[in-house]
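Colleague: Return atomic coordinates for the entry below.
(chains A and B)
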Protein chains: 2
Amino acid sequence: MKTIATLAPLTTRLLEIQRINSASSLLSWDQETYMPAGGGEARAEQIAVLQGLAHQKLVSPDIEKVLSQWVDAATGQAFEQPGDAWDEPSRSLLREVWRDYSRAKKLPSDFVIKLSRECSLAQQVWAEAKEQSKFSQFLPNLRTVLSLKREETQYLGYKDSPYDALLDVYEPGSTIAALRPLFAQLKARLVPLLKKITSSTVQIDDSILRHSYDQARQLEFGRLVLIAMGYDFERGRLDLSSHPFTTSFHPTDVRVTTRVHEYELQSCLFSCIHEGGHGLYDQGLDQRYYGTPLGDSVSLGIHESQSRLWENCVGRSRAFWRFFYPILQQTFHHQLRGVDVEQFYAAINCVKPSFIRVEADELTYNLHIMLRFEIEQDLIEGRSQPDDLPAIWNQKMQDYLGIVPKSDAEGVLQDVHWSFGAFGYFPTYTLGNLYSVQFFEQAKLEIPHLEDEIAAGQLMVLRRWLEQKIHRWGRMFTPDHLAQRVTGTSVNPEPFLRYVEKKYGEIYQL
Amino acid sequence: MKTIATLAPLTTRLLEIQRINSASSLLSWDQETYMPAGGGEARAEQIAVLQGLAHQKLVSPDIEKVLSQWVDAATGQAFEQPGDAWDEPSRSLLREVWRDYSRAKKLPSDFVIKLSRECSLAQQVWAEAKEQSKFSQFLPNLRTVLSLKREETQYLGYKDSPYDALLDVYEPGSTIAALRPLFAQLKARLVPLLKKITSSTVQIDDSILRHSYDQARQLEFGRLVLIAMGYDFERGRLDLSSHPFTTSFHPTDVRVTTRVHEYELQSCLFSCIHEGGHGLYDQGLDQRYYGTPLGDSVSLGIHESQSRLWENCVGRSRAFWRFFYPILQQTFHHQLRGVDVEQFYAAINCVKPSFIRVEADELTYNLHIMLRFEIEQDLIEGRSQPDDLPAIWNQKMQDYLGIVPKSDAEGVLQDVHWSFGAFGYFPTYTLGNLYSVQFFEQAKLEIPHLEDEIAAGQLMVLRRWLEQKIHRWGRMFTPDHLAQRVTGTSVNPEPFLRYVEKKYGEIYQL
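Modeller: Here you go, the predicted structure:
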């Protein structure tokens, strides 16, 4: 049986590439957290050089030569003879490296460098445009990025839609054809559910979340929850950025960010829990495999399942607040002394069509995603133009959520994704929602008294389960295979729909 | 006349290398400021990969080919024909690139990567060892680093001493032979001056500096002085680190750090001004030349002259405090209301043998350097061993300053330099002191009423003069040539000695 030791000539090279990529990630983290405003242009060039180098190294004849002795270039499968097989990690490693290599090979290095530079710049312009709520300011950069991404789909190739070429990067194996029925199923049951809720006699008062809350204390509480979740601050940090995110340079250095608003208690709280879920995944990857696909997260959908599981299934549950609410109440004694845990639970689960995706409730969230999913398909397939985006956006908001944003900042400019070229990224958020409930239901079956543990503030048992079942495997299995291993089925909207119907049926007495 | 445009095939390549180096500098900055403790090993490897890449690219056949069409490999001089000459920037650029290239060419890439990795690791171990004040903990790493640096001198080659090979990296053109008489001259006049001061009847009470000062306010005041100096926060930041430093990734992103101690008002204050002086140099480099030697600082001695000029000639002068003391007094009303500006001026200029170099007064500072200069020569020349360092250190402290540190932390472990392999670095501090006074005396000659400007808080006129005379030239001239252009002479201890004799003669009524 051949093992990973045999692959040393490959893994050594991958390790070097990973270190360049990790450096590049630090440059991006710094850009979003501490970089002075004037440093943006030089930074874009520095990141572009590193990404270009990593790309060049991955597609080098060197790697091709090493790889082609083990992998069949036609099928991407590892060569195996009876009596001379690879062990499972090696087979997976070869499959995934081949995937990365053959994808990278399709892109010219010049293109990679250009795309990287334009995306860094566009991201900075987006931030300013959002600040000023002026879509027109961002439009030229968006045009450039979109045209590069469309060019990319031509390099990558696709069967049905150029959009599939982009989607596959974030969610290996996923296609529009597979996603459409999922979204249709969601729409068919979420829209009626939403209607019932908005016409329910139960009115939830969530104004308590918009009182004044000291920002430093909000951060302190967020940090406390992260520690309880098992996020390791010896191997991580919590910083501020305008858009919360998680990034990792190695399982020993995984950083999360949050934002704090004095008058929005939810914002810091749930972004800490959400990013903490991402952070646990990255801290839970197997260090021994750092640099190889086995030390990397498997897909954005699975990654998002971790953040949403913690944010929603845990962080918006009664059990969680049974333990944490008295602490929160103590932290904000003045604001919360008259509010009991049931009122608080209702407030953080208030369903209400709103403008901002990241602050949407569990129900309307997926409608926000649907809208983006449709818009970006049209952009990539050339059916609509960047110039028309604000109008398209507002029309779809009206159609799906019945509200129209008053400004670009709370409309089409709210998300960072398109600015850095992440078309095909949004659907993974909905996949994450679906997976999160599938995984959590499974955890409840396998962990005795899980809800009691959570209600006692004992979150580590869940963290360990996730680490064993999901985190430590990296890209050993495909996302679909992993879901089947853990839950017995592929991605499936049913558990999610049952979960929201039950939870909100009860809250809104439907 | 051939210009820099001709050199595009070279400068494009240099730009790429510079961007890799800038990325590596950001990784180091992060290591010293925000990196979580667990991230150190992975970070050392990431930096090593980037430094190895930058080195490989510099010594690539590609660069050699481009360079050898313009530069005589035997002499390092640019080829020139009558009627087909280079303009001065191009000639300097070629001279300096040749210098970097031929030095780098002597070092195997594997060695560069190994040295980088060992230095990052040693620096982290040093920080822990210092914290615990345990030299023995750092000793194995110091041995490794020293032996690598000695190996480096063999690759680099030298005429008189292997130490010269290292010195030349930091201070081009400098040698032990040239430095010895400078130090002898300093010793001959500083030691008697110090004796007179310690036996003077004037006793300065500097206890006011050791009252309790709110740390946030100290930082705020440091920031205010930086702004007054013209340090541009749009292109820079101020952060905390255990050892204050300045680093630059581009003239649009130059970062300084400081430290704050509640009971040491001087520490944050003067490290802000000191690092601010470094920061102004890096912000003042010509952006158009970024990536080439003309966009790089010329030597550590000249760099240090900028920090010391601001810290001492400006920041410890009466004129400076005439403007800033009332503001400081307002900031720390409670502590300083009964202290007049003359008392404060005396306190910050109190001369007293002490253990910590960076907090030493202007006089004893150079004795701290002499001691290090001698020790590191002996280490590099193999006359003494790392194991004996604490004993040697303490003996020399006794000999030069008449005091013996009670712990390794305030003795041999106090400086970071040896941990990252910076042998040959210390003498540039004394060169910086000498140059700083030479430059400041010249500025007083050329800027009408400079001291009145300073006393009015108008520091920009001095900043502009330094930018015009020194910063913007990068490595256009050698350090010696630059000093001659600005002041008419090479480095010269005389102005410094006159300055301290006058200043301290007056303060101590000698």
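Colleague: give me phi/psi at whichever residue of the stretch 51-200 of chain A sits closest to chain B?
Modeller: Closest residue of the stretch 51-200 of chain A to chain B, Cβ to the nearest Cβ: residue A:53 (6.8 Å). Placement of C-beta: from N, CA and C, glycine included. Here is the backbone geometry of residue A:53 (degrees, to the nearest 10): phi -60, psi -50.
Colleague: Identify the residues contacting it.
Modeller: Applying Cβ atoms under 8 Å, 6 or more residues apart in numbering or on different chains, we find residue A:53 in contact with A:20, B:20, B:53.
Colleague: Name the residues of the helix or strand harbouring the first one that are buried.
Modeller: Assignment of secondary structure by DSSP states H and E places residue A:20 within helix A:8-33. With burial defined by 16 or more other Cβ atoms under 10 Å in any protein chain shown, the residues of helix A:8-33 counted as buried are A:10-11, A:13-14, A:16-33.
Colleague: what angle do that helix and helix B:8-33 make?
Modeller: If you take axes from the mean of the first three to the mean of the last three Cα atoms, to 10 degrees, helix A:8-33 sits at 80 degrees to helix B:8-33.
Colleague: Of the buried residues of helix A:8-33, which are in range of chain B?
Modeller: A:16, A:19-20, A:22-24, A:26-27, A:30 (Cβ under 8 Å from any Cβ of the partner chain).
Colleague: any idea which of the residues you listed is the one closest to chain B?
Modeller: Nearest to chain B among these, with distances taken as Cβ to the nearest Cβ, is residue A:19, at 4.2 Å.
Colleague: The closest one and residue B:46 touch, don't they?
Modeller: Yes - Residue A:19 sits in contact with residue B:46 when judged by Cβ atoms under 8 Å, with a separation of 4.6 Å.
Colleague: Tell me which helix or strand comes right after the strand or helix carrying residue A:142.
Modeller: Assigned by DSSP H and E, residue A:142 falls within helix A:135-156. Sequence-wise, the next helix or strand downstream of helix A:135-156 (DSSP H and E) is helix A:162-170.
Colleague: which residues are in contact with the helix or strand just after that following helix?
Modeller: The first helix or strand that comes after helix A:162-170 along the chain, using DSSP H and E, is helix A:176-198. With Cβ under 8 Å, 6+ apart as the test, helix A:176-198 has contacts from A:160-161, A:163-164, A:167, A:351, A:353, A:363-364, A:366-367, A:370, A:373, A:377, A:427, A:430-431, A:434, A:491, A:493, A:496-497, A:500-501, A:504, A:508, A:510.
Colleague: Helix A:176-198 to helix A:162-170, inter-axis angle?
Modeller: Going by the same axes, to 10 degrees, helix A:176-198 makes 80 degrees with helix A:162-170.
Colleague: Which of the three states applies to the most centrally placed residue in chain A?
Modeller: With distances taken as Cα atoms, centre = their mean, the residue of chain A nearest its centroid is residue A:304 (4.2 Å). Secondary structure, DSSP: H, G, I helix; E, B strand; the rest coil: residue A:304 is helix.
Colleague: residues contacting the nearest residue to it once chain neighbours are set aside?
Modeller: Nearest residue to residue A:304, sequence neighbours excluded (Cβ to Cβ, 6 or more residues apart in numbering or on different chains): residue A:432, at 2.4 Å. Residues near residue A:432 by Cβ under 8 Å, 6+ apart: A:300-308.
Colleague: Can you name the helix or strand that the spatially closest residue to residue A:31 that is not a sequence neighbour falls in?
Modeller: Nearest residue to residue A:31, sequence neighbours excluded (Cβ to Cβ, 6+ apart): residue A:43, at 5.4 Å. According to DSSP H and E, residue A:43 maps onto helix A:40-58.
Colleague: which residues are contacting the helix or strand hosting residue A:119?
Modeller: Secondary structure from DSSP H and E places residue A:119 in helix A:109-132. Applying Cβ under 8 Å, 6+ apart, the external contacts of helix A:109-132 come out as A:28, A:31, A:40-41, A:43-45, A:47-49, A:51-52, A:55-56, A:59, A:135, A:137-138, A:141-142, A:144-145, A:148-149, A:151-152, A:155, A:242, A:408-409, A:413-414, A:416, A:418-421.
Colleague: And those residues, which of them are buried?
Modeller: So, by 16+ other Cβ under 10 Å, the buried ones in the contacts of helix A:109-132 are A:28, A:31, A:40-41, A:43-45, A:47-49, A:51-52, A:55, A:59, A:135, A:137-138, A:141-142, A:144-145, A:148-149, A:152, A:408-409, A:413-414, A:416, A:418-421.
Colleague: From the contact counts, what lies against the helix or strand encompassing residue A:277?
Modeller: Here residue A:277, judged by DSSP H and E, is contained in helix A:265-284. When contacts are defined as 3 or more Cβ pairs under 8 Å, 6 or more residues apart in numbering or on different chains; DSSP states H and E, helix A:265-284 packs onto helix A:215-229, strand A:236-240, strand A:246-250, strand A:253-258, helix A:300-308, helix A:460-469.
Colleague: Just read off the phi/psi values of the residue of chain A positioned farthest from its centre.
Modeller: Relative to the centre of chain A, the most outlying C-alpha is that of residue A:83, 41.4 Å out, by Cα atoms, centre = their mean. Residue A:83 adopts backbone torsions of phi 80, psi 0, taken as degrees, to the nearest 10.
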